[in-house]
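# Next one to model:
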Amino acid sequence: MISTDSLARIALDLQLGISHQDRFHRLIQSVRSLLHSDASALLRYEGGQFIPLAIDGLMQDVLGRRFALKDHPRMEAIARAGDVVRFPADSSLPDPYDGLIPDHDDFKVHACVGLPLFSDQALIGALTIDGMNPTQFDGISDEELRLVGALAAAALSNALLLERLARQSSEPLASAPHAEGQPEMIGRSPAMARLRHEIDVVASSELNVLILGETGVGKELIAKAVHQGSPRASAPLVYLNCAALPESVAESELFGHVKGAFTGAIHNRAGKFELADRGTLFLDEIGELSLALQAKLLRVLQYGDLQRIGDDTPLKVNVRILAATNRDLKQAVVEGQFRSDLYHRLSVFPIQAPALRERPGDIPLLAGYFCERCRVSLGLERLRILPGALALLESHDWPGNVRELEHAIHRAAVLARAEQGSQAPALDAHHFNLGAAVSPPPAASTATPAPSVATGLGLRVATDAFQLRLIEQTLAAQDGNWAATARALALDGGNLHRLARRLGLKA
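I've put the predicted structure just below:
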C-alpha cells in the first residue's frame, strides 16, 4: 500500500526543486524509493518517440537514447494504452532497457509497469518502473499507480507550459519539435546550455549568424536550430557547401544562370539565393569562397539584389544568411584571404560551437544516442556499450569531435556484430581503435595511411570493416567533404554515397 503521507511528501518535494531537471530527479528518486523499484525513468513524448528526461537505476547513456514507438513495442503499448500498463513478467515484447541496468545483463523476466502521462487528454510523456522481482509490484493497486502518474504528469505538464511561455516571450514562432530519426543536438553540459541559450536569443531576429567551430562539432545542426526557431521556419532552409564548389560553377550555384550563358547551360536555373527567398541560406565552409565570389556575395547582402549569369535583369531576394567555418576568419582577413567587409556583414552574431573535449560529461549521452541510431540502422535487437568502453570514450581527446565519436561507435558496432552475432552485441573497449585517431595530414601530402583491421572476422566482414575505416580516415582528412573524399579514393561520388550507406556510415 502507498500511504497518503508518502504521496504528499512527493508532491512537496516537487515544489522544492530549483529547476525542472532537479524536480524530475526528485520525482524519479521518490518513485523508486516508494515502490522499491530497481529502475525508473521519466520520459517526454515528442515527434513519435519517447525522450528520457530523468533516470534512476539505469546506465547514464540511456539519457541520450531516443525510443521511437515503431522500434519499441513496449513503448508503443504504453503510448496507446491510456491507463496503467502492467507487462507480464514473461512478456515476449522486447524491453528497451534490456542490458541497460548496471550489473544486470539478463533482464528477461522482471516486473515492468508503464504509466502514460497526459495533459488535457494529450500524451506528453511516460513513467516506466522496473523491478528484478517478477512479483515486485503485485501489492500496489492500479489506483495507487494512477496517483503516482498524476503527480508525474503535473510536474511534466508544468515544465512544458513554462517552456512554451518562455519561447513565446522571445520567439514569434515556437521551435519545431524533433522529428523522429532526425539528428538533434544532444547534451546537458554547461557548454551546451550556453549554446542553446545563444540559439534562442538570435533565432527570432533577422540577424546574420556566423557559426564557428572545429570540424565535426555539429555546425549544421546549429544552423537548423536557428532556422527552426525563426519566423522563417515555414520557408526553406537551403544548404550550400562552399568547399565543395569548383570555381567554374560556384557563381552559378549561388546566383543561377540563363540558358546559353555558358557551355553546358542548356536551360535556365535558379541559384541558391532564389531558392532560399523568404527563407534561410546556410553557407557551410564560407571561408573557402574565392575573393571574387566574396565581392558578389557582399553585394547581395548589402542590397538584396542579384543577377543570374547571362541575364541583365536584377532580381530581388529576401534571404537570411547563416554561415559556418572551421577557419579563423579574423586571421584570414589579416592575411588578405577574406574580405573584412564581408566578415563584418556575416558575423553580426557569432556563435561558437563547443568542441567535444570541452563537454566530456555529454559523451555518455552521445554514446547512447548513436548506439540507438546504429541499432536501428543495423537491424539489431539491442546494442549496449559496456562500462569499460564508455570510460575509454570519456578519456579520449576526440580531435574529430562528435562526428568522430559517431563514426567510432558505428565501426565498433560493425565489429561487435561480426564477433558476437547479430542479435544483441555489446561494445567493449577492444572494439574501439582510438589510439589511431586520424588527424588531417600536412598540406604537403594528401596520402591517407591504410587502416588496420582486426583479424578473424571473415573476408566479407573484414573487407567491410577495412572500407569503413578507410572512408572514415579519408573523410576526416578532407574535413568532411564527400566530393573531395570521392576524388581522393578515386571513386564515383554516387558509388561512394551508396557504399557509405551500406556500411552504416550514412543514414
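# so where is the stretch 351-500 of the chain shaky, pLDDT-wise?
Screening the stretch 351-500 of the chain residue by residue with the criterion pLDDT under 70, one finds the ranges 435-461.
# Okay, strands next: where are they in it?
With DSSP state E, counting those that start in this stretch, the ranges of strands along the stretch 351-500 of the chain come out as 384-385, 426-427.
# Comparing the ones you listed, which comes out most buried?
Here the criterion is mean neighbour count by mean count of other CB atoms under 10 Å, and of these the winner is strand 384-385, at a mean of 25. Just so you know, the C-beta spots here come from the backbone N, C-alpha and C atoms, and that holds for glycine as well.
# For that strand, name the packing helices and strands.
Identification of packing neighbours for strand 384-385 by 3 or more CB pairs under 8 Å, 6 or more residues apart in numbering; DSSP states H and E yields helix 363-378, strand 426-427.
# List the pairing partners of that strand within its sheet, with orientation.
strand 426-427 (parallel) (DSSP bridges).
# Tabulate the helices and strands packed on strand 384-385 (a markdown table), appending distance to residue 84.
Below are the helices and strands packed on strand 384-385 laid out as a markdown table (distance: least, CB to CB, whole Å):
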| stretch | distance to residue 84 |
| --- | --- |
| helix 363-378 | 26 |
| strand 426-427 | 32 |
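# Out of those, the one nearest residue 488 is which?
helix 363-378 (25.1 Å; CB to CB).
# ok, now which ones touch the nearest residue to residue 74 once chain neighbours are set aside?
Using CB to CB, 6 or more residues apart in numbering and skipping residues adjacent in sequence, the residue nearest residue 74 is residue 93, 5.0 Å away. If you count contacts by CB atoms under 8 Å, 6 or more residues apart in numbering, residue 93 has them with 73-74, 77, 87.
# can you put the residues you listed in TSV and add secondary structure and neighbour count?
Converted to TSV, these look like this (DSSP: H, G, I helix; E, B strand; the rest coil; neighbours: other CB atoms under 10 Å):
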residue	secondary structure	neighbour count
73	helix	15
74	helix	20
77	helix	16
87	strand	19
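# In terms of distance to residue 296, which of these ranks first?
Nearest to residue 296 among these, counting by CB to CB, is residue 73 at 55.1 Å.
# Test my guess that that closest one contacts residue 94.
Yes. Residue 73 is within contact range of residue 94, at 6.8 Å (criterion: CB atoms under 8 Å).
# tell me the contacts of residue 146?
Each residue near residue 146 by CB under 8 Å, 6+ apart is listed here: 83-84, 115.
# nearest to residue 215, of the residues you listed?
Distance to residue 215, by CB to CB, is smallest for residue 115 among those, at 43.5 Å.
# Does the nearest residue to that closest one once chain neighbours are set aside belong to a helix, a strand or coil?
If the residues on either side of it in the chain are set aside, residue 115 comes closest to residue 149, at 3.8 Å by CB to CB, 6+ apart. Taken by DSSP: H, G, I helix; E, B strand; the rest coil, the conformation at residue 149 corresponds to helix.
# so where's this protein uncertain?
Filtered on pLDDT under 70, the chain yields the residue ranges 1-20, 105-109, 164-181, 435-461, 507.
# residues contacting residue 252?
Neighbouring residues of residue 252 by CB under 8 Å, 6+ apart: 261-262, 265, 269, 271, 309.
# Kindly recompute the last result at 7 Å.
269, 271, 309 (CB atoms under 7 Å, 6 or more residues apart in numbering).
# what bridges to the first one?
Taking DSSP bridges, one finds residue 257 as the beta-bridge partners of residue 269.
# neighbours of it, just the number please.
Applying the criterion other CB atoms under 10 Å, we find 17 residues in the vicinity of residue 269.
# begin at 41 from here
All set: I'll call the first residue 41, so the last point we hit is now residue 309.
# Touching, it and residue 294? I think so.
No. Counting by CB atoms under 7 Å, residue 309 sits too far from residue 294 to count as a contact (11.4 Å).
# Just the buried positions in stretch 273-287, please.
The neighbour-count check on stretch 273-287 (16 or more other CB atoms under 10 Å) flags 273, 275-285 as buried.
# buried set for stretch 398-413?
By neighbour count with 16+ other CB under 10 Å, stretch 398-413 contains the buried residues 399, 402-413.
# Make a markdown table from these and add distance to residue 343 to it.
Below are these laid out as a markdown table (distance: CB to CB, whole Å):
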| residue | distance to residue 343 |
| --- | --- |
| 399 | 41 |
| 402 | 42 |
| 403 | 46 |
| 404 | 49 |
| 405 | 45 |
| 406 | 43 |
| 407 | 48 |
| 408 | 48 |
| 409 | 43 |
| 410 | 44 |
| 411 | 49 |
| 412 | 47 |
| 413 | 44 |
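# which among these gets closest to residue 234?
Taking CB to CB as the measure, residue 399 is the one of the buried residues of stretch 398-413 closest to residue 234, at 10.1 Å.
# Tell me who's in contact with the closest residue in space to the closest one that isn't next to it in sequence.
Taking CB to CB, 6+ apart, and ignoring the residues beside it in sequence, residue 399 has residue 229 as its nearest neighbour in space, at 3.8 Å. Counting by CB under 7 Å, 6+ apart, residue 229 touches 399, 401-402.
# got it, and residue 242?
The contact partners of residue 242, by CB under 7 Å, 6+ apart, come to 249, 266, 389.
# try 6 Å
When the contact criterion is CB atoms under 6 Å, 6 or more residues apart in numbering, the partners of residue 242 are 249, 389.
# Need the CA coordinates for the one helix or strand it maps to. PDB is fine.
Taking DSSP states H and E as the definition, one finds residue 242 inside helix 230-243. Provided in PDB are the C-alpha atoms of helix 230-243 (Å, rounded to 0.1, in the frame of the first residue of the first chain):
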ATOM      1  CA  PRO A 230      27.100  24.000 -19.300                       C
ATOM      2  CA  ALA A 231      28.700  24.500 -22.700                       C
ATOM      3  CA  MET A 232      25.500  23.100 -24.400                       C
ATOM      4  CA  ALA A 233      23.300  25.100 -22.200                       C
ATOM      5  CA  ARG A 234      25.100  28.300 -23.300                       C
ATOM      6  CA  LEU A 235      24.900  27.200 -26.900                       C
ATOM      7  CA  ARG A 236      21.100  26.600 -26.700                       C
ATOM      8  CA  HIS A 237      20.700  30.000 -25.000                       C
ATOM      9  CA  GLU A 238      22.500  31.800 -27.700                       C
ATOM     10  CA  ILE A 239      20.400  30.000 -30.300                       C
ATOM     11  CA  ASP A 240      17.200  31.000 -28.500                       C
ATOM     12  CA  VAL A 241      18.400  34.600 -28.300                       C
ATOM     13  CA  VAL A 242      19.300  35.000 -32.000                       C
ATOM     14  CA  ALA A 243      16.700  32.700 -33.700                       C
END
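# Show me what counts as buried in that helix.
Within helix 230-243, the residues that count as buried by 16+ other CB under 10 Å are 231-232, 235, 238-240, 242-243.
# re the thing from before, in TSV: the strands of the stretch 391-540 of the chain, plus distance to residue 255.
Below are those laid out as TSV (distance: least, CB to CB, whole Å):
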stretch	distance to residue 255
strand 424-425	24
strand 466-467	24
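# Looking at those, spot the one closest to residue 510.
Checking those against residue 510 by CB to CB gives strand 466-467 as the closest, at 21.0 Å.
# quick check, distance from the closest one to the centre of its chain.
21 Å (CA atoms, centre = their mean, to the nearest Å).
# What are the phi and psi values at the most centrally placed residue in the chain?
The chain has residue 224 as the residue nearest its centroid, 2.9 Å off, counting by CA atoms, centre = their mean. Per-residue torsions, residue 224: phi -140, psi 160 (degrees, to the nearest 10).
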